[in-house]
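Novice: One predicted model, sequence on top.
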Amino acid sequence: MALHITGDIAADALLTDDPLALLIGMLLDQQVAMETAFAGPLKIAERAGTLDAAALASFDPDAFAELFKATPAVHRFPGSMAARVQALCAAIQEHWDDDAAAIWTQGEPDGATVLKRLKALPGFGEQKAKIFLALLGKQYGFTGEGWREASAPYGEDGSFRSVADIVSPDSLAKVREHKRAMKAAAKG
């Protein structure tokens, strides 16, 4: 399994190999291009010298926000998103013993359980949690019973609704087209 979300080999490798990186990328995926959001964890790791939840949670908040502001910025809203990443990392440290993957591996959970666990994380509402669950099921090897139903409609096989469906430049284009169509329908 290898993720191909950002178009950057090193950023995609980090997302593939580090569950916390993938969670942080999903958290950052708002009001910026998906590639920018999911490239964020590599920038954070390079600038902070680590991608350990406990270390990032305890980072000085002002210094952490400065890491986000450095060019190229991690996110277009560096201050608020740095705080959200630190809150996420604190939750991973406190509730999951510094192991992001435990959210979907501890106790062999089903899809509904993982969705509930994701929604309990700071910055993960219903839609973000469903998209992330679909990403786990479609591309990250999660096989918990009922994951497609719990992540609906994002878990639907053959759809191009979200980052969960991006496996190539062609699929990225299809996801972008779907998002454009959804925004147009919402306006109309």
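Specialist: Happy to help now that I have it.
Novice: From Y140, how far off is A100?
Specialist: From A100 across to Y140, the span is 11 Å (Cβ to Cβ, to the nearest Å). Bear in mind the C-beta positions are built from the backbone N, C-alpha and C, glycine included.
Novice: domains for this protein, by residue range?
Specialist: Following automatic domain parsing, one gets these domains for the chain: 1-100, 113-188.
Novice: wait, which of those is closest to Q106?
Specialist: Comparison of the domains of the chain against Q106 by Cβ to Cβ identifies domain 1-100 as nearest, at 7.4 Å.
Novice: more crowded one of A100 and Y140?
Specialist: A100 (23 against 19; other Cβ atoms under 10 Å).
Novice: quick one: that one and L20 touch, right?
Specialist: Yes - between A100 and L20 there is a contact at 4.0 Å, judged by Cβ atoms under 8 Å.
Novice: shared neighbours of the two, anything?
Specialist: Taking Cβ atoms under 8 Å, 6 or more residues apart in numbering as the contact rule, A100 and L20 both touch 53, 92.
Novice: And the helices in this structure, which stretches?
Specialist: Here the chain has its helices, by DSSP state H, at 9-17, 19-28, 34-48, 53-57, 61-69, 78-96, 102-105, 111-119, 126-139, 147-150, 169-187.
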